[in-house]
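Participant: Requesting a structural model of the entry that follows:
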Amino acid sequence: MTDSEHDEKRLLERVRAADTAAFKILFEKYQPVLFRYLAGRLRDADLAHDIVQETFVRVWERRSGLKPHLPFYPYIHRIGTNLLKDHLKHAEIKSRYANETKEALYPEASRPEDMPGGDALDARALEEKIHEIVNEQLGERCRMVFLLSRVGGKTNGEIAVMLDLSIKTVENQITHALKVLRKGLRMVR
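Facilitator: Purely as a prediction, here's the structure:
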């Protein structure tokens with residue numbers, strides 16, 4: 001074992017014992033390396049910094065599970081990569097939602113403003129209210145489940161696998177979202 005490996009092992013043992021000074025040393029040593037990796041993959045320095053911070057927060061929160069005999073960088077690299085994948089997955093879902101919501105709510109052939117006698121102002125107001133309810137009154141997980149179901153056309157089973165949830169949780173989230181939408185839209189009438 002080299003001196004640096006021995007030092008790292010000692011630092012990890014200290015971090016396991018909640019030594020913040022040892023944690024700071026590891027952070028200062030590995031933060032720049034992890035940041036360069038993530039920034040290169042993301043091409044967004046602010047987001048890369050956020051993921052690095054979250055990575056080290058998770059290390060600290062799970063410090064009791066550290067294995068001092070194993071190298072530290074592969075451990076934080078895996079955490080950072082998983083956080084990166086989660087971010088990209090959520091960004092894709094949000095992007096898909098932004099592009100498809102209007103079409104899903106009002107397919108072109110049946111948009112109220114396009115129908116004879118339809119009131120475009122009422123249709124726009126309804127659409128804005130739906131967007132507001134979905135974006136402001138549903139929690140993040142509930143919103144994602146609802147959008148994957150209603151906008152993305154995914155089955156409950158597909159959503160459960162994508163978001164690592166049980167099918168029952170997916171069903172409960174959809175039921176909750178529909179209840180919130182019904183209640184919010186009743187107030188519009």
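
Participant: Find the residue at the geometric middle of this structure.
Facilitator: When CA atoms, centre = their mean is applied to the chain, the residue found nearest the centroid is residue 90 (4.7 Å).

Participant: in what helix or strand does that one lie?
Facilitator: helix 72-105 (DSSP states H and E).

Participant: Tell me the helix or strand right after that helix.
Facilitator: Downstream of helix 72-105 (by DSSP H and E), the next one is helix 120-137.

Participant: And residue 68, how far from residue 80?
Facilitator: 20 Å (CB to CB, to the nearest Å). Backbone N, C-alpha and C define where each C-beta goes, glycine included.

Participant: no no, residue 47
Facilitator: 12 Å.

Participant: between those two, which one's more packed in?
Facilitator: Neighbour count, other CB atoms under 10 Å: between residue 47 and residue 80, residue 80 has more, with 23 against 16.

Participant: what's around the nearest residue to the more buried one once chain neighbours are set aside, how many residues?
Facilitator: Once flanking residues are discounted, residue 80 sits nearest to residue 55: 4.5 Å by CB to CB, 6 or more residues apart in numbering. If you count neighbours by other CB under 10 Å, residue 55 ends up with 26.

Participant: thought residue 55 was touching residue 79?
Facilitator: Yes: the pair residue 55 / residue 79 is scored as a contact, 4.7 Å apart, by CB atoms under 8 Å.
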